[in-house]
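Undergrad: sequence-free structure coming up:
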């Protein structure tokens, strides 16, 4: 080992994995109690030169009782070794200088792992251009199952059945009296088309579902009417002139829960709630959304009602959540959930605790799909809940995938794979629903959306602990689809994962999903709004936490306005900013509302100054280390709750002119 790296009395062994050659992981023997282990072992792999072969070497410390500790990983591109060449290599074991595999190159080659040994033969007397016109040509398909991992014979048969419409790229190899042709991406495209026509229970496409399209058509009429009134327009807006406006919220526990209520109250007082088409949430802000959407007409009712309900829950003592009666309730519900077929985790218990803490104590049978009743006439914005799919053996910088939840569907943004909301948690095989489980109650979904418990529990551990395990809906059949999307959509949505470039690390190979709070990586709920199919024009960014979004979207190549704030500006944030990029018309206009207390100190309402006796009500500490609104605070006093709601409502109302400016400038010009 270079740099004199030593092992203090460890029991080390090395595992080797070359997924493009074999699904088997091999390992060396364990060297017991040795700080400088030496291995002299030989391993053989039969590789295919047509694909990218990346050897994964992992050094473990063996433990007799607990799980073996992964010390470090080295990735090596086998192509660096020429045929017949013997080389001696020294690997630097510093994680910062590990071999890096170019994402774009690897992505382009993953699919060839599945098709490199698939070839079609037909007589030389028939030219390629004549194939589609000759009904009696017999095709010979060659495939060695040991060489191609994950592709079934019936899948290949389905592909070959479509051969007449495929483009065959000729390879210069000639075998006997036949020309050899290799099937490329058009084969996969046709296979996907055939899958789409089979009415699978998994929707495989990037487009919006039909239910959301119908919702948008209804919602557009309300948005047009609201904008005509707010902007004092003389005529009705045509459909193509109606901008898509979204509210994007961040997490922040009960701070986000309370602040979002105040922000929405401010929008309601400005008569702008009907101008919103989408509301996205993560972590604590999802608690607000799941509470509001239990009422089919919440945005058309006075929000002081639900604010009063939440106020009662936020100011009550939470000790009752740990009473003997409550513990018995949790036990009954967890056992029932297990009997229904679910994998039980600590997050399920967290969801039940949330139910007790943020409700009147009565069991709530509300489910995510029930929220469709709040959308059937387009009467409310469409709520979208965000969460991350992760792998517990890898850091978030190495692997993460955005998952969105709507009352209509749950799915992966990256792959374009979606299932019905009521089927989430059920078991699927080859795109078919095989075992239907009862839909989870909303309290368990709240636990999924916001794993604050996860953050607390992981503090004393070396690695972050993730609790959620839910049945995966991406089956082996979708494998070809996912690989095709990764390979041929070179700018596919949110390419922010390194490990996805390896066949054995794709989500489709996992039996379960491992979900985590987005706050563990970047506390935003932007990704679903950046889908080009949603065509979002204006985003009201309601920020309850810290973090940079510009750098993230820049890395993903997603159009997003550049945000430039000096260090001095960051220390003295204003109530509202407008960010736009004239050079990138595809980028939405962002109206940014940080959680600050600026003019509210002197004004109780926009334009209405406080009297000397009212000045104390303007002292709302939302930024210091001693703020009562820190993420660990789960109970507020009535005064603290009221102040935060009034502050966030005021900040919206006081910047009405900036919101209207963004809405006015976002309207497409009639050509």
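TA: Everything's here; your move. All values derive from a computational prediction rather than experimental measurement. Numbers count the residues shown, from 1 in each chain.
Undergrad: Any regions of the stretch 501-650 of the chain where pLDDT drops low?
TA: 501-523, 546-558 (pLDDT under 70).
Undergrad: I meant to write the chain there.
TA: Using pLDDT under 70, the chain drops low at 1-8, 50, 92-198, 391-399, 447-523, 546-558, 667-671.
Undergrad: helices or strands up against the longest helix seen in it?
TA: For the chain, the longest helix by residue count, based on DSSP state H, is helix 210-230. Contacting helix 210-230 under the criterion 3 or more C-beta pairs under 8 Å, 6 or more residues apart in numbering; DSSP states H and E are the following elements: strand 382-390, helix 656-666. From N, CA and C alone the C-beta is placed, and that goes for glycine too.
Undergrad: Let's have the ones you listed in TSV, adding mean neighbour count.
TA: Converted to TSV, the helices and strands packed on helix 210-230 look like this (neighbours: other C-beta atoms under 10 Å):
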stretch	mean neighbour count
strand 382-390	25
helix 656-666	17
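Undergrad: ok, and what's touching the next helix or strand after the longest helix of the chain?
TA: Moving toward the C-terminus from helix 210-230, the first helix or strand encountered (DSSP states H and E) is strand 245-249. The contact list for strand 245-249 (C-beta atoms under 8 Å, 6 or more residues apart in numbering) reads 223, 256, 260, 263, 267, 275-282, 285, 288, 381, 524-526, 529, 534, 536-542, 544, 663, 666.
Undergrad: sorry, back to before: could you save the helices and strands packed on helix 210-230 as JSON lines and add columns showing distance to residue 13?
TA: Formatted as JSON lines, these follow (distance: least, C-beta to C-beta, whole Å):
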{"stretch": "strand 382-390", "distance to residue 13": "26"}
{"stretch": "helix 656-666", "distance to residue 13": "59"}
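Undergrad: Would you map the helices across the stretch 551-671 of the chain?
TA: 567-571, 638-653, 656-666 (DSSP state H, counting those that start in this stretch).
Undergrad: Just the element for the closest residue to residue 218 other than its chain neighbours, please.
TA: Nearest non-adjacent residue to residue 218, counting by C-beta to C-beta, 6 or more residues apart in numbering: residue 378, 3.0 Å away. Taking DSSP H and E as the definition, one finds residue 378 inside no helix or strand.
Undergrad: so what's residue 378 up against?
TA: 215, 216, 217, 218, 219, 220, 221, 222.
Undergrad: re earlier: quick check: which of the helices of the stretch 551-671 of the chain is nearest to residue 208?
TA: helix 656-666 (20.2 Å; C-beta to C-beta).
Undergrad: Which elements pack onto the closest one?
TA: helix 210-230, strand 538-542, strand 577-579, strand 589-593.
Undergrad: neighbouring contacts of the third one?
TA: Outside of strand 577-579, the residues within contact range by C-beta under 8 Å, 6+ apart are 561, 562, 563, 565, 589, 590, 591, 592, 658, 661, 662.
Undergrad: Within its sheet, name the partner strands of that strand and how each one runs.
TA: Partners of strand 577-579 in the sheet, by DSSP bridges, are strand 589-593 (antiparallel).
Undergrad: Next, the angle helix 638-653 makes with the partner strand.
TA: Calculated by axes from the mean of the first three to the mean of the last three C-alpha atoms, to 10 degrees, strand 589-593 forms an angle of 150 degrees with helix 638-653.
Undergrad: Once you drop chain neighbours, what's closest to residue 201?
TA: residue 433 (4.1 Å).
Undergrad: brain fart, residue 435
TA: Nearest one to residue 435, counting by C-beta to C-beta, 6+ apart, is residue 427 at 4.0 Å.
Undergrad: Residue 590 now?
TA: Residue 590 sits nearest to residue 579 (C-beta to C-beta, 6+ apart), 4.4 Å away.
Undergrad: Backbone torsions only: list them for residue 281.
TA: phi -150, psi 160 (degrees, to the nearest 10).
Undergrad: That one - how many residues pack around it?
TA: Neighbour count for residue 281, taken as other C-beta atoms under 10 Å: 29.
Undergrad: contacting residues for it?
TA: Per C-beta under 8 Å, 6+ apart, neighbours of residue 281: 249, 260, 288, 289, 383, 384, 385, 386, 449, 525.
Undergrad: at 10 Å what do you get?
TA: Residues near residue 281 by C-beta atoms under 10 Å, 6 or more residues apart in numbering: 247-251, 256-257, 260, 287-290, 383-386, 405, 449-450, 518, 525, 542.
Undergrad: likewise residue 566?
TA: residue 572.
Undergrad: what's the distance between it and residue 572?
TA: Distance of residue 566 to residue 572, given as C-beta to C-beta, to the nearest Å: 10 Å.
Undergrad: these two touch, right, residue 634 and residue 318?
TA: Yes. Using C-beta atoms under 10 Å as the test, residue 634 is close enough to residue 318 to be in contact (6.1 Å).
Undergrad: hmm, back to that, my read: the residue nearest to residue 435 touches residue 343, true?
TA: No. Contact criterion C-beta under 10 Å: residue 427 and residue 343 do not qualify, at 11.1 Å.
Undergrad: Between these two, which is the more surrounded one?
TA: Using other C-beta under 10 Å as the criterion, residue 427 and residue 343 rank with residue 427 on top: 17 against 13.
Undergrad: if I look at that one, how far off is residue 258?
TA: Taken as C-beta to C-beta, the span from residue 427 to residue 258 is 38 Å.
Undergrad: for residue 296, same thing?
TA: 23 Å.
Undergrad: Looking at these two, which one has more neighbours?
TA: Remark: of residue 296 and residue 258, residue 258 carries more neighbours, 29 against 17, as counted by other C-beta under 10 Å.
Undergrad: Give me the three-state assignment for the more buried one.
TA: Under DSSP: H, G, I helix; E, B strand; the rest coil, residue 258 falls in the helix class.
Undergrad: what sits against residue 62?
TA: So residue 62 contacts 10, 11, 12, 13, 27, 30, 31, 32, 68, 69 (C-beta under 10 Å, 6+ apart).
Undergrad: and the fifth one, backbone torsions?
TA: Dihedral pair for residue 27: phi -150, psi 160, per degrees, to the nearest 10.
Undergrad: Neighbours of it, how many?
TA: 15.
Undergrad: cool, and the last one?
TA: Other residues lying near residue 69 total 15 when counted by other C-beta under 10 Å.
Undergrad: before we move on, the earlier item: where does the residue nearest to residue 201 sit, in terms of helix or strand?
TA: Here residue 433 is assigned to strand 432-435, by DSSP H and E.
Undergrad: Residue 72 now?
TA: Using DSSP H and E, residue 72 falls in strand 69-77.
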